[in-house]
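Student: Got a predicted structure here, sequence first:
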Amino acid sequence: MTPPRVLVFPDGGPRIGGGHVMRCLTLAEALSDQGAQVAFAANAAAGAVIAAYGPVGVEVFPLPDDLDAAVAVVSQAPADWVLLDHYRLTLSQEATLKGKRRLAVLDDLADRPRAADLWLDPGYGRTAADYASLARPGASVLAGPAYAPVRPAFAALRAQALARRALDTPPARALVFLGLGDLDAITARVLRALRPALPTLTFDVVLGKGAASLPALWDAPDPRVRLHVDTPAMAELCAQADLAIGAGGSATWERAVLGLPSVTVILADNQRAMAQAMARDGLTLALDSSAPDFDARLAAAARQLLDDAALRQALSARISALCDGRGAARFAEVLLREAGS
């Protein structure tokens, strides 16, 4: 049987960041590993992330930024399945790009009908019942952190990282990763709050090459701050860190696989509900970057993580139990099984 051809269509842009593209790259790798033929359709912003982090030689159909024009290109590209990670398309546009093919969607919101045959929502607390009124009859729903798309490098380091956290040695390294796009130069702002609050720690700071904070950080070097620009070593940095300050969204599950105790910074409305629910259930500390006292609250929360060994161990144990890093493989198994049915 001819392997199914999957065309992946992620959104990307200055205000959107690279998270959609990164989790699509993870799913694409899992699909390829299980025998699918995978290509991407991407605008310039998404294409830049694919070029930096994707496999060498991956096929990419370039898309214009205009959504109607992009849908027209995708609707004509050869595929058996379209894998969509995009919040801005209408139901009509989704139906057009689907055509006579099958459509899989990544959806974190459960707020509207989609033209999907297969839904993926790895959100905390999500179940298939959340989509009962949204999914068309016969559609499949994969819900909850067990399906979170996390790169294999994280699962490979899971046992080692969890064993080290159980020892609970005094913290020495903090990971700061607030998205490759660094919305509104949030990284530099966070570091200004953290450096005096955590005077004994070294900071591993991850950014994309176009991050707004980079000029200020380059111009005022700090021996305690190590900059990692478009790094391929994210899993290693998470495993080596003792605590983290990280954005909500898909990076939450990278930290979870490695049991990294964290302060989750809410940067967008669609991150708020999940981050706050996880904080209520003792899985993370969570702060909203739009709060007027955010800087002071961040310094206090980071200091709490530094000083409270029992809190770090509790956060690590609870969040690592949610996600083992095999979500992308589980998703690929279902899609390919349905492709053969």
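Tutor: Looks like it came in fine. Numbers count the residues shown, from 1 in each chain.
Student: which parts of stretch 119-126 are buried?
Tutor: Residues 119-124, 126 are the ones in stretch 119-126 that count as buried (16 or more other Cβ atoms under 10 Å). Where C-beta positions appear, they are placed from N, C-alpha and C, glycine not excepted.
Student: Which two of the residues you listed have the greatest separation?
Tutor: By the measure Cβ to Cβ, W119 and Y124 form the most distant pair in those, at 16.3 Å.
Student: Sketch out the low-pLDDT regions of the stretch 201-341 of the chain for me.
Tutor: Within the stretch 201-341 of the chain, the set of residues satisfying pLDDT under 70 comprises 341.
Student: And the helices in it, which stretches?
Tutor: Under the criterion DSSP state H, counting those that start in this stretch, the stretch 201-341 of the chain contains helices at 214-219, 234-240, 251-257, 269-280, 294-307, 309-320, 327-339.
Student: What does the spatially most central residue of the chain show for phi and psi?
Tutor: Geometric centre of the chain, nearest residue: S250, 2.2 Å, by Cα atoms, centre = their mean. Dihedral pair for S250: phi -70, psi -30, per degrees, to the nearest 10.
Student: my read: it touches V21, true?
Tutor: No - S250 lies out of contact with V21 (Cβ atoms under 8 Å); the separation is 10.2 Å.
Student: now A72: how far from G99?
Tutor: 11 Å (Cβ to Cβ, to the nearest Å).
Student: Identify each buried residue in stretch 186-201, please.
Tutor: Per 16+ other Cβ under 10 Å, stretch 186-201 contains these buried residues: 186-191, 193-194, 197-198, 201.
Student: count of neighbours near Q34?
Tutor: 15 (other Cβ atoms under 10 Å).
Student: The residue nearest to it when sequence neighbours are not counted: how many residues sit nearby?
Tutor: Closest residue in space to Q34, ignoring its immediate chain neighbours: A332 at 4.8 Å, by Cβ to Cβ, 6 or more residues apart in numbering. By other Cβ under 10 Å, 22 other residues sit near A332.
Student: now swap in P292 and tell me
Tutor: Number of residues near P292 (other Cβ under 10 Å) recorded here: 7.
Student: How about the contacts made by it?
Tutor: P292 sits next to no residue when contact means Cβ atoms under 8 Å, 6 or more residues apart in numbering.
Student: neighbours around A277, how many?
Tutor: Neighbours of A277 under the rule other Cβ under 10 Å: 14.
Student: heads up, I number from 671, so please use that
Tutor: With 671 as the first residue, the last one maps to A947.
Student: these two touch, right, it and Y794?
Tutor: Yes - the pair A947 and Y794 qualifies as a contact (Cβ under 8 Å) at a distance of 5.9 Å.
Student: still on that earlier bit, which one, of the helices of the stretch 871-1011 of the chain, ends up nearest to A721?
Tutor: Across these (criterion: Cβ to Cβ), the nearest stretch is helix 904-910, sitting at 16.9 Å.
Student: other SSEs contacting that closest one?
Tutor: helix 822-826, helix 828-837, strand 843-847, strand 872-877, helix 921-927 (3 or more Cβ pairs under 8 Å, 6 or more residues apart in numbering; DSSP states H and E).
Student: Determine which stretch of the ones you listed is the most buried.
Tutor: Between the helices and strands packed on helix 904-910, helix 921-927 has the highest mean count of neighbours, a mean of 27, where neighbours are mean count of other Cβ atoms under 10 Å.
Student: Check which helices and strands it sits against.
Tutor: Contact analysis of helix 921-927 by 3+ Cβ pairs under 8 Å, 6+ apart lists helix 822-826, helix 904-910, strand 913-917, strand 932-936, helix 939-950, helix 979-990 as its packing neighbours.
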